[in-house]
Structures are given as C-alpha cells and as structure tokens.
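Chemist: the sequence and its predicted three-dimensional model are supplied below.
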Amino acid sequence: MTTLQHNAASGSKESGKKLPSADSQAGPVPPKRQFLQDAAAHVADIGHRSFVRSALGGYYKSRDAQKARYRDWEHARDAASLAKWSAVNRLDELLEQFAANFEGRGGKVHWAANAHDAREIILELVRQAGARAIIKSKCMTSEEIHLNAALEEEGYGVVESDLGEFIQQLRGEPPYHFVFPCMHVRREEISRLFEDNLGTAPTDSPEELTMIARRHMRRLYVEADVGITGANFLVAETGQISITENEGNARLTAALPRMHIALVGIEKVVANLDDLSILLPMLATAGAGQPMTCYNTLYGGPRQEGECDGPHEMHVVLLDNHRSAILADPEQRDSLHCIRCGACLNVCPIFKNVGGFTYGTTYQGPIGSVITPHLRGLADWNHLSGASSLCGACSDACPVRIDIHHHLLHNRRNAARTSPSRLERLGHRLFVTAATRPWLFRTAGWMARQSMGLARRLKPPLVREWLASRDLPTAPRETFRAAWQRRSRAAGARRPEKGVSSASSREST
Amino acid sequence: MSSPTPSKLSAASSRETILARIREALRVPAPPPHVIDRTLVDVPHRSDPSTADPRSGFPALQVLPADAGRPWLPDGGDTPEERLAILTDNLEKLRAEVHRCRDVAHAAETIADLARAASWQRVAWHHDALVADVVRALSCETCQVDGPSGSDKELLESCQAGITSCELLVAQTGSILVDSRRSGGRGLSILPHVHLVVARVDQVVGTLGDALALTKQRHGGQLPSMLSFITGPSRTGDIERILVLGAHGPKELHVILVG
C-alpha cells in the first residue's frame, strides 16, 4: 500500500513542480495507464478499502439524520438547483456585479484566465506584501493551480492550516478526497508523522493528535503576514465571499494576517445573499451530515473604520482556467452548479473501491470525472468517463441535482465522436454486419458458445487481461431463440397458462 | 499599488477575455434544470423581474421569494417559545452549552462561576452594554479588544476566554451571528479557547433566511466587513472521520441567554 501511495503522490507532485500548469498534459505515464495500474492495486488492497468504508459509515448515518430534519429534501434540492442555474446562466452579469460591489467595499478583484495567470497574480501580491510567512486554509482551486509549489519555488514558506490538509502537506501528498483530505490515513501513521516532523510523543488518540496540530498552528496564525483562502460562494448583490468550514482555521486565516487573498473559481457566484439560506445548510448536510458547518463566514473587503482588527488589504482572484469551456457546453453547463460538497464521492462505488489517488485529478470521484476532461482535455482523460457503473448514486446524492452519471455518458459519446477508438469502431462494424444478417448472427453465436469454455480454460492473450478480474459465464445449452421456439411449440400443444409457467420455471432453474 | 503599466493592461485584458468567453458561451441557452415542484418555477423573481434571461428564451425560472417561508427546509418555529425551544435543542446537539439566566446579574454570576471553575487568568471582551455588565463581575484579568490601545493579537492569543455579544441567533440551524463591527472584530470570537456569547432571548430569529434579511435591513448598504454564523464549538473529523471538538477555534461555546 505504501508504495502505491508514494507512486500516486510523487506522480502528481512531480507534475506540480516540473509542469506547474494544471492544464499541462500527462506526465511520463499516460493518465489512463496510471489509472488502471493504481485501480488494480487499490482494488486488491482489502484493508484499505474496508478502512475507507468504515470511515464513511459515520457520514451516512449523520447525513440521513440531518436530511430527515428537512421537511422536504427534494424540494430543497429543486430550490438549490434553480438558484445555481439562474446564477450560472447569467455569469457575466453577476461577476461584474460582484466585482463592482466588492471593490466598492475596499477590496480588489483580479481576473485570472488560466492557472499561470493566477499564480503570477498571487506571487505579485505576496511580493508587494513583503511576506515572510503565509498561512493557508483549505482551498481546492489552489491545488488546481499548484500554488504551494509556485510559492515555495520563490522561497516562501506556506503552511496548510486545515488539519487534513496539514497532514497531507507533511506527507507530501495531494488530498485524497476534496472534502476529507486525509480520510485514508490511519491514526498510527499520523502519530508517526507528527513524531517525525513536530517531535511530539506518540499517541493513538485522534483528540490528542488534533490538539498537537492546534498547538503547533496557533503561533503561525499570529505570525503570518498573508492569509490565503478559497471561497464557497461569491455574493453578487453584496460583494461578499462566503467561506464554509468546521475547524475555525479559515476564520483565523482571514482575521490575523495583514493581507487576505481568496482564490475562487468564477462559477461560485450566486445572485443574492438570500440564496445562501438554502445553499449553506444543504452544503453542510450533503457534504458532512451537519445542520450547518461550524463557521459560515461572509467577508466583504478589508477591515473598516471602527472595526478593531482584520486585514488591511483583501484581494479576490477570480479563476477561469477552462470553466468557460464547460459553460460553452449547454448540455453539461450544470456541472458548474457544483458546490463541492463531496456527496457524490462518498456514495460512489468506484471511489470507494479505487480510492482518491487513482483518479490522478484535483477533483476526484464522479464530479471530477465529469469536469476533468473539460479542464485537462478529453483525449487524455476520457477513461474517467468509464470509471462509473452508471448506477446514478452520484446524481441522487447531489444537492443541486447535477445529472452526473448522464454527463459521464455524454463524455463517452463526445469522445467517440472526436477521437474514436479504431478497435471499438471495428468491433461495432462487425457487430452491425452480423446483427443485420440472421444466418451470420446464428453462426457467430454458435461459434462464440463453442469457444467460451475453451477461452475460460486457456485464457488466450487477447482476452487474458479481461479475464484476470472477471469470470466468463457458462454458455447456456440453447440460445434464447431456440428456447422461445420450443416454448411456442409447447404452448401450441398444451393449455397456454400451463405452457408459460412450465417454460419459465425451466428457464429459471 | 505600484504595479507597472504592462501588468495593469494585461489585468484589464484578462477581465475582458474572461467576460468575452463567458458571453460567447452563454449565447447557446442551457435547458432549465429538471425540478419536481413546478410551483417553484412559476413564481416571478423576488427582486428583479428582468433577471429572467432574455437570451435563453426559456421561461423565467427562479427561486421562491424569500417571504414564502420555504416550508421544505428544517423548521425554525412559528412563535418565540417554539423558536427558543428549537434553538436550545439544536445548540445542545451541537455540544454548545446553553445557560438560561433571569437577568444580567444572573448572567454575570454564571460567567464568574465558569471563570472560577476553569481558573481563567485572562479574559478578552469588547465594548457592549451587555458584555460590560457581565465582565465587571469577573475577578481575573480582563482585556478589551476595542479599547484605546487597539487590538493586540499576541495578547488575545494568551486569553483563555473571549466574551462577545451577538447580532442574533438562528433557531433553524442553532447558529449565532457575530459581526466584525458590533461583536468585537474578527479575532475575539475565534482565537481564545473558550467563546462565551451573551444574548437576550428576543434576539432569536426563526430561519437563516430571516437572519440574512434582517441583517441586510439593519445595516443597509453598509454591511460590516465580516459576518460569521457560528454553529457549535470548532470541530474536525479529519482523523478517521472521528469527531473532535476544538480543532483551531474555541473548544467550548457557552451561550448565555438572558431574559
């Protein structure tokens, strides 16, 4: 397991350093091959899978308990999806409104068309601030643009303050899950990690481990010059950003340093403050099984006159980075409604079995599989569209009703159109040829039935890989057509009801 | 800012680039989302009728108006008694401690008891009539964050507890709204290990929607730089998804309800 995780981590770290652009193409190993290798290794690791499953057990329970407090969860989903739909479909207006209002409150808005621009803007701000120490709260957009690597390359020390992100930073790994970053790590490993890095005594108590991080971090909040956060929503009407968190680290990050920078995707905008009265509780319930997360905070600019503390400067960096490409696809535009609650990951059978690192993406799980091909190219990332059983659990879990599993199908169709696989095309042509000629269909079916047993025993090279994780069924003695004809003859001879029941009982045995 | 002209130019152009991409993308309308309740759809928008996208040609699809009460969200109670009961229940489930007090003197006594029991050496507070009344009863060192000497984060970090007022309390979610203007700035309610909130029972509102509407109404266009809904003591589940209180913010949250 450790080797597997090292592979996954160093792979993405390397791409973060040498090819710092998130839209960079695949590293040395093509993403699809990487996915298949890591998935095979993870699926075989029963210990890891059951650990992740039991970690999610508590989530299911509290989520269901909280959902039950809603007088009608489905209506709430309607309202949430409408709020996001109406915002995303007039994104230009609302972004301009947000920028005008936020700047009217003394903040500064920066527009970043891609990951490179965003990094440059933030580096320039950090330079201007004369920063020595930077503290960050959890921010997936910064993972997307590999911000930490860029800051470290310039010699700035960056500390992740969210407990899970801090653990991942010490481990040198990206987040495993974009809401629960270190859900795959056992407490013994965390204890050893803290022992090695912070010189603390070993412990097996999650409480004690949390207190170690708490004590370690408190000085850093006070000493940091710049605080970097993400945001969950941008409120156009009032020019505020909204940050959702549980630990209080984002509150501290935005309270104590002189400068506050928020890096936010353009799709996060909502029209009115009132929209949050639906979205904030639903985000907490779907994402973590809570009525509300502990701190839901709206920031509109730096400290004002008459306020006793807070940063002197506040900057919002609006990040496009291919989001406008998703917007240009009306069929999948609703994937921009995503509020990053992570509910679709928590219910996904694929995520639970292959684990978060296997995806090799910033955003894991079903929603990540939908948007990553848009963010990084369909040709290299279409295999994620196949990483689904199409069970639809993700779409059912989504609080804003994104049709996630159908979007995976849409991506498959788009990939077949733009970069069709030759082998698949040949296969379909052969099938059509056979299926439109009854005599050929019969012959081919007969041949297939005869060779199935042989294939199972001999595992010839062409199907060996496929058979490695699957069982070939035993071929039935007769085909469906033969059974049907025999049944029709029998029905003609006997009483119809009896004929039907005897035929079906024979078939089912 | 002393940034040279070229970067300013490119900043303006990247704004235009992004907006142009968005406008181009939105020229093709997206189908409205599939909703189960058409009554949500047929209501005209609360604030601005022109928000129905003129480009889309789809019927105006908007969220229910704010005053419709949203009967599908968790209940916030219809009467003051109901709201108080729901709030108290939610706060207890969130592992916050609720202290009901008859009057300010009782509240001061309650806080003094807490201070003695936990032997606090230094407590931070801010200028507010209710807070000032309860702080007077404390025998330990106290420091005012919005005093003439200004806020000192080093000093605040050394405080065991912070006492604040709040703007209002939300029954529906068990949340407390503090702001940076009238609840002691940004640090006081998050940096000390224990947070005590002194509030009057008539500050309880039903729902989050009510709280946001009231806040907007109170401040007009002049909202404070920070508005924070605090829902229970700080917590994390990052280690094996096991709940631990006091991740970075206060480990304990005491709500002292007066009246």
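Modeler: Received the coordinates, thanks. Numbering: from 1, shown residues only, chains lettered A, B, ... in the order given.

Chemist: residue 174 - how many residues pack around it?
Modeler: I went with chain A, as the question did not name one. 24 (other Cβ atoms under 10 Å in any protein chain shown). C-beta: built from backbone N, CA, C; applies to glycine.

Chemist: meant chain B, my bad for not saying
Modeler: Residue B:174: 25 neighbours (other Cβ under 10 Å).

Chemist: over to residue A:126?
Modeler: 21.

Chemist: quick check: which element contains it?
Modeler: Secondary structure from DSSP states H and E places residue A:126 in helix A:115-128.

Chemist: closest to the centroid, which residue in chain B?
Modeler: Nearest residue to the geometric centre of chain B (Cα atoms, centre = their mean): residue B:229, 1.8 Å.

Chemist: do the one helix or strand it maps to and chain A meet at all?
Modeler: Assigned by DSSP H and E, residue B:229 belongs to strand B:226-230. Yes: residues of strand B:226-230 contacting chain A under Cβ under 8 Å from any Cβ of the partner chain: B:226, B:227, B:228, B:229, B:230.

Chemist: the nearest residue to the last one once chain neighbours are set aside pairs with what?
Modeler: For residue B:230, ignoring the flanking residues on the chain, the nearest one in space by Cβ to Cβ, 6 or more residues apart in numbering or on different chains is residue B:176 at 4.6 Å. With DSSP bridges applied, the residues forming beta bridges to residue B:176 are residue B:169, residue B:230.

Chemist: now residue B:176: how far from residue A:204?
Modeler: 34 Å (Cβ to Cβ, to the nearest Å).

Chemist: residue contacts, residue 162?
Modeler: With no chain named, the answer covers chain A. A:137, A:138, A:181, A:245, A:247, A:249, A:250, B:238 (Cβ atoms under 8 Å, 6 or more residues apart in numbering or on different chains).

Chemist: that's the wrong chain, I meant chain B
Modeler: Going by Cβ under 8 Å, 6+ apart, residue B:162 touches B:123-125, B:156, B:184, B:188-189, B:191-192, B:194-196, B:250.

Chemist: part of a strand, is it?
Modeler: Yes: checked against DSSP: H, G, I helix; E, B strand; the rest coil, residue B:162 lies within a strand.

Chemist: now the phi/psi pair for the residue lying closest to it once chain neighbours are set aside, please.
Modeler: Leaving out its chain neighbours, the residue that sits closest to residue B:162 by Cβ to Cβ, 6+ apart is residue B:192, at 3.8 Å. Main-chain dihedrals, residue B:192, degrees, to the nearest 10: phi -60, psi 160.

Chemist: try the one 5 residues further on
Modeler: Recorded main-chain torsions at residue B:197 are phi -110, psi 130, according to degrees, to the nearest 10.

Chemist: so what pairs up with it in the strands?
Modeler: Beta-bridge partners of residue B:197, as defined by DSSP bridges: residue B:164, residue B:255.

Chemist: let me see the contact set for it.
Modeler: B:163, B:164, B:165, B:166, B:176, B:178, B:189, B:230, B:253, B:254, B:255, B:256.

Chemist: surely the fifth one and residue B:229 touch.
Modeler: Yes: with contact taken as Cβ atoms under 8 Å, residue B:176 and residue B:229 are classed as touching, separated by 7.2 Å.

Chemist: list the buried residues in stretch A:144-164.
Modeler: A:144-151, A:156, A:158-164 (16 or more other Cβ atoms under 10 Å in any protein chain shown).

Chemist: which of residue B:176 and residue A:204 has more neighbours?
Modeler: Each of residue B:176 and residue A:204 has its neighbours counted (other Cβ under 10 Å); residue B:176 has more, 27 against 11.

Chemist: and the more buried one, what does it touch?
Modeler: Residue B:176 makes contact with B:166, B:169, B:170, B:197, B:199, B:229, B:230, B:231, B:255, according to Cβ under 8 Å, 6+ apart.

Chemist: report the separation between it and residue B:228.
Modeler: For residue B:176, the distance to residue B:228 - Cβ to Cβ - is 9 Å.

Chemist: show me where the chain dips below the pLDDT cut-off.
Modeler: Because you didn't say which chain, this covers chain A. A:1-27, A:495-509 (pLDDT under 70).

Chemist: looking at chain B here, not the other one
Modeler: For chain B (pLDDT under 70), the answer is B:1-10, B:37-69.

Chemist: residue of it nearest chain A, please.
Modeler: Across chain B, the shortest distance to chain A (Cβ to the nearest Cβ) belongs to residue B:249, at 2.3 Å.

Chemist: residues touching that residue, list them.
Modeler: For residue B:249, the contacting residues are A:247, A:248, A:249, A:251, A:252, A:294, A:295, B:190, B:195, B:233, B:234, by Cβ under 8 Å, 6+ apart.

Chemist: so which of the residues you listed sit within helices?
Modeler: The helices, defined by DSSP state H, take in A:249, A:251, A:252 from the contacts of residue B:249.

Chemist: much appreciated, bye for now.
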